[in-house]
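Colleague: coords please:
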Amino acid sequence: MSKRVLLHRFRSWLGVTLELSITHHHRSLATLHRALLHRVQCLQTYVVSCNSVRCLIDTSYFEKIKEPPRHWTEISSAQLISGIGTKDLQLFDTRTEKEVNETGLIPGATNIPLSKLAHALELPADNFQSEYGLRKPVGMDRNLIVYGCDHRNMAEAVSILHTAGLFFGRCYPGGWTEYQRIKEIDDLSTLQPWTDISYETLMSMIASKDIQLFDVRSLAEVERTGLMPLSTHIPRNRSSVSFSLVEVAEAFALPPSDFQRKYGVALPAKEDTNIVLHCLVGIRSLGALSLLWDAGFRSSRHFPGGWMEYSARTSC
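Modeller: Reported below is the predicted structural model:
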């Protein structure tokens, strides 16, 4: 079997590979393979067949825990505070230099603006050390964390890390804003970023019909699996995973009458607090959340477990 055929099959597997990188493609089959292995770390089994690459979800994993796991590319506030205390983090602030000068940094962080992050990670190790005063991260580092002002642009930042070969790179989606809120709290064990909703909250909102739920997966994915109850699919004119967010940005910029005619539901008001986005496993919905925030929908949230967690837990 040729490398090109294998590459196509890995990339078509439930859209998982492109979930890892919204705007960047991985550079080799080996990279894709490693990325796929990381994506299924919370699954207990997977198989590779001659016709497709598919995942067999063992739902017993979810039965053993009270709350679903965070998306593996994110760390919680409790993990951040713990890492700061033990000084066991490589923490990079991706805000602009002006923002950092006005507010300061999370303890132990180094400022590398998002616009410079990709270039910085391409520097030789000696140049990186000279420029930023610390060791350049390497591929197997498991303590590499990026953050910004809030969750916006974090999907892009994580994508840059993964494209640079830093496959264990993660983000703190709450960013500086969340850190300011929680830094004096003693017990962070139950704290959840307000932009995330749990499976239980999602199901409660669906049951009460108090939700405006938008599926931002590709058309091909939705045709394979169907939709969650009360969900509206946005990228219905594009089959490609990599371009599914384009229509999300376009959709929420439409006049209300055009939005209603195209999607069959009313355009949410910018002040609505029940707007929820989801995708397959939380990367694209995080990117879509950033787009909605930029468009003024500042109370919108997302379900980071996505279709994968929903289908696993509702089939129990």
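
Colleague: Find the residue closest to residue 267 in space, skipping its chain neighbours.
Modeller: Once flanking residues are discounted, residue 267 sits nearest to residue 259: 3.9 Å by CB to CB, 6 or more residues apart in numbering. C-betas here are computed from N, CA, C, even on glycine.

Colleague: Any idea how many residues pack against the one you found?
Modeller: Residue 259 is flanked by 18 other residues according to other CB atoms under 10 Å.

Colleague: right, and it touches residue 251 too?
Modeller: Yes - between residue 259 and residue 251 there is a contact at 6.5 Å, judged by CB atoms under 8 Å.

Colleague: for the stretch 1-150 of the chain, which spans come out with low pLDDT?
Modeller: Scanning the stretch 1-150 of the chain for pLDDT under 70 picks out 1-72.

Colleague: how about the strands in it?
Modeller: Remark: strands assigned in the stretch 1-150 of the chain by DSSP state E, counting those that start in this stretch are 45-48, 53-56, 90-93, 109-111, 144-147.

Colleague: ok, residue 117 - how many residues close by?
Modeller: 18.

Colleague: How much space separates it from residue 104?
Modeller: Per CB to CB, to the nearest Å, residue 117 is found 20 Å from residue 104.

Colleague: give the contact list for residue 143.
Modeller: Residue 143 makes contact with 83, 88, 89, 90, according to CB atoms under 8 Å, 6 or more residues apart in numbering.

Colleague: isn't the third one right up against residue 108?
Modeller: Yes - checked against CB under 8 Å, the pair residue 89 and residue 108 is within contact range at 6.2 Å.

Colleague: When those two are compared, which one has more neighbours?
Modeller: Comparing residue 89 with residue 108 by other CB under 10 Å, the one with more neighbours is residue 89, at 21 against 14.

Colleague: and that one, what does it touch?
Modeller: So residue 89 contacts 80, 83, 108, 143, 145 (CB under 8 Å, 6+ apart).

Colleague: ok, those vs residue 313, which is closest?
Modeller: Nearest to residue 313 among those: residue 80, at 26.7 Å, using CB to CB.

Colleague: any idea how far residue 198 is from the most centrally placed residue in the chain?
Modeller: Nearest to the geometric centre of the chain sits residue 283, at 2.7 Å (CA atoms, centre = their mean). Shown here: residue 283 relative to residue 198, a distance of 18 Å by CB to CB.

Colleague: ok, now residue 83?
Modeller: Residue 83 is 23 Å from residue 198, by CB to CB.

Colleague: Equivalent analysis for residue 81, please.
Modeller: Look at residue 81 and residue 198: by CB to CB, they are 21 Å apart.

Colleague: Okay, domains of the chain per the record?
Modeller: 3-56, 77-182, 199-314 (automatic domain parsing).

Colleague: Residue 284 belongs to a strand, doesn't it?
Modeller: No - counting by DSSP: H, G, I helix; E, B strand; the rest coil, residue 284 is not found in a strand; it is helix.

Colleague: Assess the claim that it and residue 217 are in contact.
Modeller: Yes - with contacts counted by CB under 8 Å, residue 284 reaches residue 217, the gap being 7.1 Å.

Colleague: Counting neighbours, go ahead and name the busier of those two.
Modeller: Counted by other CB under 10 Å, residue 284 and residue 217 do not tie: residue 284 has more neighbours, with 29 against 26.

Colleague: which one is that one nearest to, not counting chain neighbours?
Modeller: Counting by CB to CB, 6+ apart, residue 284 lies nearest to residue 216, which is 5.4 Å off, once chain neighbours are set aside.

Colleague: what do you get for residue 165?
Modeller: Spatially, and ignoring its direct neighbours in sequence, residue 165 is nearest to residue 139 (4.8 Å; CB to CB, 6+ apart).
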